[in-house]
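**Q** Generate coordinates for the sequence data below:
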Amino acid sequence: MPAPPIAGPIAAPAAGTAFPAERPTRVRHRVIALIFAVTAINYADRATFSIAGSAASAELGLSPIQTGFILSAFAWAYALAQIPGGALLDRFGTKRIYAGAIASWSVLTAMQGFTGLVPVVSAVAMLFVLRFLVGLAEAPSFPGNARLVTAWFPGAERGTASAIFNSAQYFSLVAFAPLMGWLVHGYGWRSVFWVMGALGLVATALFRRYIHSPVRHPAINAAELAHIEAGGGLTRMEEAATTARAPTFTRANLKALLANRMLIGIYLGQYCINVLTYFFVTWFPIYLVRERGLNIMEAGFAAAAPALCGFVGGLAGGFASDWILRRTGSVDLARKGPLTAGMLLATLIIACVWVDAEWLVIVLMAAAFFGKGVASLGWAVMADVAPRQLAGLAGGVFNMFGNIAGIVTPIVVGYIVAATGSFDWALVFVGVHCLLTIFAFLVVVGPIRRVELA
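**A** Predicted coordinates:
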């Protein structure tokens, strides 16, 4: 006779308990796959205006500087809302806050397709405001990803898990840049926003259906739960969030995070690496059209090649980091080694200044973004170091600093292009930040270890 289903949370296994007849389930792999899909849509929604931007700018009469401010609007709100977003995750739990965020940013994305059709509102103002609101809505997404990885994965698997969801930023353009280019070419730039908004609402329904706390997931068994907990996974993190009433967003908690030299170095490194990220998701397709003479459909497909290499590099960096950790036991070597090698490779973006052939530009960009993917271990580092009781807030502060690059990069590149008529110095600006990332992690951070609060 089959055993009755377990109701409520799974009881924690006793220390030393063995499960000879029970093989661990792999629910955590399904969880990270869904996080990957949601994050891919997240990044595609950020890049909608990058793909639609040339056609939209021509129709709406936008200058390069106006385009730069519109491209940066998302990051202004996204960076400012990181700390409150992380605190909301700590206070109310990941599922509730994250699902609401996906639904909100999807509706706001779809609304951008109506720009220029509302006679009393200027196109610049409407696009800036809507992209600003998308940034607010998306703020809890990456701290939420980090919380889910911390809860669902043991330490020796976090590098890979974090690399998987972080590599979605590259896969996003592999999957969606050609789609969005085709939509612009065949149906007009407005269709990009409407289609991506609809996909986001589908993702909301899937997230609500399949994401649960490890101890409450209906498909997990006790053996998998024991495996996660034995490796340091904080399986009851979400349970604490639903019962705790003390706010985490306090001056003392924030000061503790901002006064820690290791965390400051990690924040600086994430800012620098995101300069490359935001150049790619904002100006890169426009660079291919304006500087390299591609049409919008060709640019969409050309942007997919570096994105695919970034995706492969992201997975390779995560696997390599966890392999080094298992072989050496050194978190420092496992995280900093791939990061340093990847950022050195990413400086190849500067070589595009002296290259004329379009195919060689794509090859260099692909190599640079492969390196950037290998180096994208910041969220794995945060899972290693964040205070246990402030994982959401710590992730929010980390992501706030990282996404200040999304404010600075589009505007600086816009001014450089307007002043020089070329992207050459913009590529140098991006490449120098690759070297600054290495400095931050090797010189400022010091030994990587979990921050313990008094």
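**Q** alpha carbons only for contacts and neighbour counts from here, please
**A** Fine.
**Q** so what secondary structure elements neighbour the helix or strand that contains Ile35?
**A** When elements are defined using DSSP states H and E, Ile35 is found to belong to helix 27-46. The elements that helix 27-46 packs onto, with contact taken as 3 or more Cα pairs under 8 Å, 6 or more residues apart in numbering; DSSP states H and E, are helix 94-111, helix 141-152, helix 155-166, helix 168-187, helix 190-210.
**Q** Tell me which helix or strand comes right after that helix.
**A** Remark: after helix 27-46, the chain's next helix or strand is helix 48-60, criterion DSSP H and E.
**Q** For that following helix, what is the distance to the chain centroid?
**A** Taking the mean of its C-alpha atoms, helix 48-60 sits 23 Å from the chain's own mean (Cα atoms, centre = their mean, to the nearest Å).
**Q** Tell me what angle it forms with helix 94-111.
**A** Angle between the axes of helix 48-60 and helix 94-111 is 20 degrees (criterion: axes from the mean of the first three to the mean of the last three Cα atoms, to 10 degrees).
**Q** And helix 48-60, what does it pack against?
**A** Other elements packing on helix 48-60 under the criterion 3+ Cα pairs under 8 Å, 6+ apart are helix 64-80, helix 168-187, helix 190-210, helix 284-290, helix 296-328.
**Q** just to revisit the earlier point, the helices and strands packed on helix 27-46: which one's closest to Phe69?
**A** Closest to Phe69 of the helices and strands packed on helix 27-46 is helix 94-111 (Cα to Cα; 17.2 Å).
**Q** send the alpha carbons of the closest one over as CSV?
**A** Taking Å, rounded to 0.1, in the frame of the first residue of the first chain, the C-alpha atoms of helix 94-111 are listed here in CSV:
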residue,chain,number,x,y,z
THR,A,94,11.3,35.1,-2.2
LYS,A,95,8.2,33.5,-3.9
ARG,A,96,5.7,36.3,-3.1
ILE,A,97,8.0,39.2,-3.9
TYR,A,98,9.7,37.7,-7.0
ALA,A,99,6.4,36.5,-8.6
GLY,A,100,4.9,40.0,-8.2
ALA,A,101,8.1,41.5,-9.7
ILE,A,102,7.9,39.3,-12.8
ALA,A,103,4.2,40.2,-13.4
SER,A,104,4.9,44.0,-12.9
TRP,A,105,7.9,44.3,-15.2
SER,A,106,6.1,42.3,-17.9
VAL,A,107,3.1,44.7,-18.0
LEU,A,108,5.4,47.7,-18.0
THR,A,109,7.4,46.2,-20.9
ALA,A,110,4.3,45.8,-22.9
MET,A,111,3.2,49.4,-22.2
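**Q** and whichever helix or strand comes after it, what's its mean pLDDT?
**A** Toward the C-terminus, helix 94-111 is succeeded by helix 123-138 as the next helix or strand (DSSP H and E). Averaging pLDDT along helix 123-138 yields 86.
**Q** Summarise which helices and strands helix 123-138 is packed against.
**A** Packed on helix 123-138, when contacts are counted by 3+ Cα pairs under 8 Å, 6+ apart, are helix 64-80, helix 94-111.
**Q** For Ile438, which of those is the nearest?
**A** Smallest distance to Ile438 across the helices and strands packed on helix 123-138 (Cα to Cα): 22.5 Å, for helix 64-80.
**Q** Where does pLDDT dip in the stretch 51-200 of the chain?
**A** Filtered on pLDDT under 70, the stretch 51-200 of the chain yields the residue ranges 53, 120.
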